[in-house]
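Student: dropping a prediction and its sequence here:
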Amino acid sequence: ETGVTQTPRHLVMGMTNKKSLKCEQHLGHNAMYWYKQSAKKPLELMFVYNFKEQTENNSVPSRFSPECPNSSHLFLHLHTLQPEDSALYLCASSQDPSGGTYEQYFGPGTRLTVT
Amino acid sequence: GENVEQHPSTLSVQEGDSAVIKCTYSDSASNYFPWYKQELGKGPQLIIDIRSNVGEKKDQRIAVTLNKTAKHFSLHITETQPEDSAVYFCAASTSGGGADGLTFGKGTHLIIQP
C-alpha cells in the first residue's frame, strides 16, 4: 500500500448534498493532485497544488472546490453535483516537481456515486 | 495540449508469454513517461518510468522503450505471471510529471491466461 490515504473510500450523495473528500500523504512530498477516473476514459487531471499553492485548475466546474491547508493534506469539497460526476476520485502526491523528482504516488481513491 | 493514445484496450496472453503495450503522444516537448499498474479496488501504482534522454530501461521482467522521433513508447512484460493481470496505463508529461500533472492513456486490460 502507498503512503497516500483517502477517506471515505465510498460515498453516495444526492445532487443537493455537500460533502468533502480527504487525502493525506505520509511521504514528505510537496505536491498533491486530484484526478478523476471515469469508466472507459483516461484519468483526468483536475487540480495541482505545489507547496500549498494551486498551480493547475484543469477547467474543472466550480461545484468542485479544492483546499490544501498544508503539504500533507488535500481536500475536495463537493456541492450540487450531477450524476455524470460519479467516478473514482484519486489523490496523488510527488516529492518536488521543481527539483526534478517526478514520480507520483496515488491513493486508493474514493468511489463517488451521485444519485 | 498533450494527447496520449494507448493500444490495445484489452490484451490476453498465455502465462509465461510476453506482453507488449504501446502508446503514442502528441507533444514533442514531453520528457517523462511513466507506466502505472492498477489492480481492482486500488489506485494506480508506478511500475517503471523513462525520461526523454534515455531510449530503454529495464527492471527485472519489465522494460520500457522510447522512440522520441516517432513519439511512441512501449511497455514489455516478459515471462508473464497471473499476478500481472491488471489494467496498465501509460502517461506523458512536459514538465517531468510535476507542475502540470500527467496526461494518461485510456488503459490496457491485461489478462494472463493460465
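Tutor: Everything's here; your move.
Student: need the longest strand for chain A.
Tutor: strand A:87-96 (DSSP state E).
Student: pLDDT of that strand, averaged?
Tutor: Model confidence over strand A:87-96, given as mean pLDDT, is 91.
Student: looking at chain A, which helix or strand does the model trust least?
Tutor: Here the helix or strand of chain A ranked lowest by mean pLDDT, DSSP states H and E is strand A:53-57, holding a mean of 76.
Student: and the closest residue in space to residue B:75 that isn't next to it in sequence, what element?
Tutor: What sits nearest to residue B:75 in space, not counting adjacent residues and going by Cβ to Cβ, 6 or more residues apart in numbering or on different chains, is residue B:21, at 4.5 Å. To be clear about C-beta, it is placed using only N, CA and C from the backbone, and glycine gets the same treatment. Under the criterion DSSP states H and E, the helix or strand holding residue B:21 is strand B:19-25.
Student: so how far is stretch B:63-81 off the chain centroid?
Tutor: 7 Å (Cα atoms, centre = their mean, to the nearest Å).
Student: and residue B:55, what does it touch?
Tutor: Residue B:55 is in contact with B:65, B:66, B:67, counting by Cβ atoms under 8 Å, 6 or more residues apart in numbering or on different chains.
Student: still on that earlier bit, quick check, the next helix or strand after the strand holding residue B:21 touching chain A?
Tutor: Following strand B:19-25 in sequence order, the next helix or strand is strand B:32-38 (DSSP H and E). Yes: if you take Cβ under 8 Å from any Cβ of the partner chain as the test, strand B:32-38 does meet chain A, through B:32, B:34, B:36.
Student: which of those residues lies closest to chain A?
Tutor: For these, the residue nearest chain A by Cβ to the nearest Cβ is residue B:32; the value is 5.1 Å.
Student: show me the strands in chain B, by range?
Tutor: Ranges of strands in chain B, per DSSP E, are B:4-7, B:10-14, B:19-25, B:32-38, B:45-51, B:56-59, B:62-67, B:72-77, B:86-92, B:103-104, B:108-113.
Student: tabulate the ones you listed (JSON lines), appending mean neighbour count and distance to residue A:105.
Tutor: JSON lines is the format used below for these (neighbours: other Cβ atoms under 10 Å in any protein chain shown; distance: least, Cβ to Cβ, whole Å):
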{"stretch": "strand B:4-7", "mean neighbour count": "18", "distance to residue A:105": "20"}
{"stretch": "strand B:10-14", "mean neighbour count": "13", "distance to residue A:105": "26"}
{"stretch": "strand B:19-25", "mean neighbour count": "20", "distance to residue A:105": "21"}
{"stretch": "strand B:32-38", "mean neighbour count": "23", "distance to residue A:105": "10"}
{"stretch": "strand B:45-51", "mean neighbour count": "18", "distance to residue A:105": "7"}
{"stretch": "strand B:56-59", "mean neighbour count": "12", "distance to residue A:105": "17"}
{"stretch": "strand B:62-67", "mean neighbour count": "18", "distance to residue A:105": "18"}
{"stretch": "strand B:72-77", "mean neighbour count": "21", "distance to residue A:105": "19"}
{"stretch": "strand B:86-92", "mean neighbour count": "24", "distance to residue A:105": "13"}
{"stretch": "strand B:103-104", "mean neighbour count": "24", "distance to residue A:105": "15"}
{"stretch": "strand B:108-113", "mean neighbour count": "17", "distance to residue A:105": "21"}
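Student: nearest to residue A:48, of the ones you listed?
Tutor: Shortest distance between residue A:48 and the strands of chain B, using Cβ to Cβ, is found for strand B:103-104: 12.7 Å.
Student: sounds good, over and out.
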